[in-house]
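Enquirer: Quick one, structure for this:
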Amino acid sequence: MSESHTIRIRAAVPAQEQGIIERAGNLLSDALKQASNEDWRSGISFAPSAAALQDAPTDGAITIVSLIPALDPLDASWPDVETQLRQACEALSAAGDPVFLCTILRHVPASEEDAQPRLLRIRRLNLLAAELSREYGCFVIDLDRILADIGGRRLQTDYRLGGAVVAEHVANAIATCIAANALDAVASFEIQDSARAFLEANKPAAGLATDIKLSGVVAMGQGRRRQMAATVTDTVQENHVGWL
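Expert: Numbering: from 1, shown residues only. Modelled structure (predicted):
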């Protein structure tokens, strides 16, 4: 390896997501090393919110913004929350460097006292991410869609993204999105494509483990409409309901 490169990333994320961003940086560096046979490193700095980055110089860094900090306090008025995020994204995008917004997984445990208001706020924030992308050119890392396709129960997580299983999926999604959209200034198209292909090929497994595959079921439908249907029934209704 003859040359060393550094991908600068600044992330406005809560403390529990900082490890995920660091993992994403490592995955991205590894993919670029494989693609170019050169040394790549990630230099990452953190901020508590998007507003904290507004006045800081970008110096060519990639910016990643989590929407989770905008969830609290829940009693903050939605117009105020929207205005703050809109102003922050406008300021961050004005520098011309890539800005990524991460949507929030729409899974709030029913045991939480504020589950319904929190879920409503999450939906509003995810919709706002799409609007901000259209208005200011921010890229959206749609973690809600990516993780929902796998399932919160399978990932053993919720909107806070806790747990080791979900961390690998989120880190890979972030690294893949950066490789696809934010490296024009530092890598050739061929290296970008190779790095993205490497990340896609090394995604964490999303299916059920072989030791817990269900028996007596068949796959029906295609794509996101694909479902597993049971082929085993019982002529006694109560027995069949109990089996289900």
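Enquirer: rest of the way, CA atoms for contacts and neighbours
Expert: Will do.
Enquirer: Got the phi and psi for Ala187?
Expert: Dihedral pair for Ala187: phi -140, psi 150, per degrees, to the nearest 10.
Enquirer: how close does it sit to Ala179?
Expert: Ala187 sits 9 Å away from Ala179, going by C-alpha to C-alpha, to the nearest Å.
Enquirer: Looking at the two, which is more packed in?
Expert: Taking other C-alpha atoms under 10 Å, Ala187 and Ala179 do not tie; Ala179 has more neighbours (25 against 15).
Enquirer: quick one: least confident helix or strand in the chain?
Expert: Scoring the helices and strands of the chain by mean pLDDT, DSSP states H and E places strand 227-230 at the bottom, with a mean of 54.
Enquirer: okay, now Ala201: neighbour count?
Expert: Ala201 has 9 neighbours, counted by other C-alpha under 10 Å.
Enquirer: I'd like the next helix or strand past whichever strand or helix holds Thr63.
Expert: Under the criterion of DSSP states H and E, Thr63 resides in strand 62-66. Proceeding N to C from strand 62-66, the next assigned helix or strand is helix 78-94, under DSSP H and E.
Enquirer: what pairs with the helix or strand just after that following helix, and is each one parallel or antiparallel?
Expert: As assigned by DSSP H and E, the chain's next helix or strand after helix 78-94 is strand 99-102. The strands beside strand 99-102 in its sheet (DSSP bridges) come out as strand 62-66 (parallel), strand 139-141 (parallel).
Enquirer: what pLDDT, on average, does the next helix or strand after the shortest one get?
Expert: From strand 139-141 onward toward the C-terminus, using DSSP H and E, the following helix or strand is helix 143-150. Averaged across helix 143-150, pLDDT comes to 93.
Enquirer: Buried ones in helix 143-150, by neighbour count?
Expert: By 16 or more other C-alpha atoms under 10 Å, the buried positions in helix 143-150 come out as 143-144, 147, 150.
Enquirer: which residues sit against it?
Expert: Identification of contacts with helix 143-150 by C-alpha atoms under 8 Å, 6 or more residues apart in numbering yields 102-106, 169-170, 173, 206-207, 224.
Enquirer: Distance-wise, check the residue nearest the centre of the chain relative to Val166.
Expert: Among the residues of the chain, the one closest to the centroid is Leu143, at 3.3 Å (C-alpha atoms, centre = their mean). Leu143 is 10 Å from Val166, where distance means C-alpha to C-alpha.
Enquirer: Please apply the same query to Gly151.
Expert: Counting by C-alpha to C-alpha - Gly151 and Val166 are separated by 10 Å.
Enquirer: out of the two, which sits in the busier spot?
Expert: Between Gly151 and Val166, counted using other C-alpha under 10 Å, Val166 has the larger neighbour count: 20 against 17.
Enquirer: That one reaches Leu155, doesn't it?
Expert: Yes - using C-alpha atoms under 8 Å, Val166 is in contact with Leu155, at 5.4 Å.
Enquirer: Listing request: residues of this protein with sub-threshold pLDDT.
Expert: Confidence mapping of the chain against pLDDT under 70 gives the ranges 1-2, 207-244.
Enquirer: residue boundaries of the helices in it?
Expert: Under the criterion DSSP state H, the chain contains helices at 15-36, 78-94, 115-136, 143-150, 152-155, 164-181, 189-201, 237-243.
Enquirer: Of all the residues in the second one, which ones are buried?
Expert: Just to be clear, that refers to helix 78-94. Judged by neighbour count using 16+ other C-alpha under 10 Å, the buried positions of helix 78-94 are 81, 85-86, 88-93.
Enquirer: Which strands or helices does it pack on?
Expert: Applying 3 or more C-alpha pairs under 8 Å, 6 or more residues apart in numbering; DSSP states H and E, one finds that helix 78-94 contacts helix 115-136.
Enquirer: Relative to the whole chain's centre, how far out is the helix it packs on?
Expert: Relative to its parent chain, helix 115-136 has a centroid offset of 14 Å by C-alpha atoms, centre = their mean, to the nearest Å.
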